[in-house]
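In: give me a 3D structure for the following:
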Amino acid sequence: MHFKGADKRDASGELTASKERFPMGMQSLAATLHSRGLKLGLYTSAGNATCNSGGRPYKIPGSEGHYQQDADTFARWGIDFVKIDWCGDVKKIWPDGLPVMKKRYIEFSHAFNKSSPLRPIFIDGVAAFLGLRDETPEYYNGWRSFSDHHDIWSGEAGTVSLSIWFLNLFICA
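Out: Numbering: from 1, shown residues only. Just a heads-up that it's a prediction; the model follows:
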């Protein structure tokens, strides 16, 4: 299962779970899912905000400036999968900021490898390939190289066409 569980940050900068959506907390949810043989995934951003508020009337904080703290929180909650998007203020550095993108994705990866408690977490760097290129598998378990998928074929066909263009531009050149 994949939830947008983090809601806000407390005074110490720690992500908090939505009390309305997860009244028993994320650790309880993870334990319940694990007892049923399921895994739990979360979504965050390498920037200061996520791309989507999940229907809430406020922005959901990203992990910028909190990589180690958030990796530790996700590990403590028992999270198995984290999708790390490239949203919020970091989008403003595109495209000249590829070295910054690379640095931040590496920092976040290292944070997971040092998380406390240390546990296996599958990390997916949504735009990591753009900054890391052929180094991506050294830092991330999964990634994608282009835009979001949507539930209409015309959107998927456009994504496939742009992905082919991207491959030709950056890999085959």
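In: so who does residue 137 touch?
Out: Counting by Cβ atoms under 8 Å, 6 or more residues apart in numbering, residue 137 touches no other residue. C-beta coordinates here come from the backbone N, C-alpha and C atoms, glycine included.
In: next one: residue 88
Out: Contacts of residue 88 by Cβ under 8 Å, 6+ apart are 45, 47, 48, 49, 50, 51, 59, 62, 64.
In: just the closest of those to residue 22, please.
Out: residue 50 (16.5 Å; Cβ to Cβ).
In: residue contacts, that closest one?
Out: Each residue near residue 50 by Cβ under 8 Å, 6+ apart is listed here: 4, 43, 44, 59, 60, 61, 62, 85, 87, 88.
In: filter these to the buried ones?
Out: 4, 43, 44, 60, 61, 62, 85, 87, 88 (16 or more other Cβ atoms under 10 Å).
In: could you identify the most distant pair in those?
Out: Going by Cβ to Cβ, the pair spanning the buried ones among the contacts of residue 50 furthest: 4 and 88, at 14.3 Å.
In: among the contacts of residue 50, show me the least confident.
Out: Among those, residue 4 carries the weakest pLDDT, at 50.
In: can you redo the buried ones among the contacts of residue 50 as CSV with secondary structure and distance to residue 143?
Out: CSV is the format used below for the buried ones among the contacts of residue 50 (DSSP: H, G, I helix; E, B strand; the rest coil; distance: Cβ to Cβ, whole Å):
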residue, secondary structure, distance to residue 143
4, coil, 20
43, strand, 14
44, strand, 15
60, coil, 22
61, strand, 22
62, coil, 17
85, strand, 11
87, coil, 15
88, helix, 19
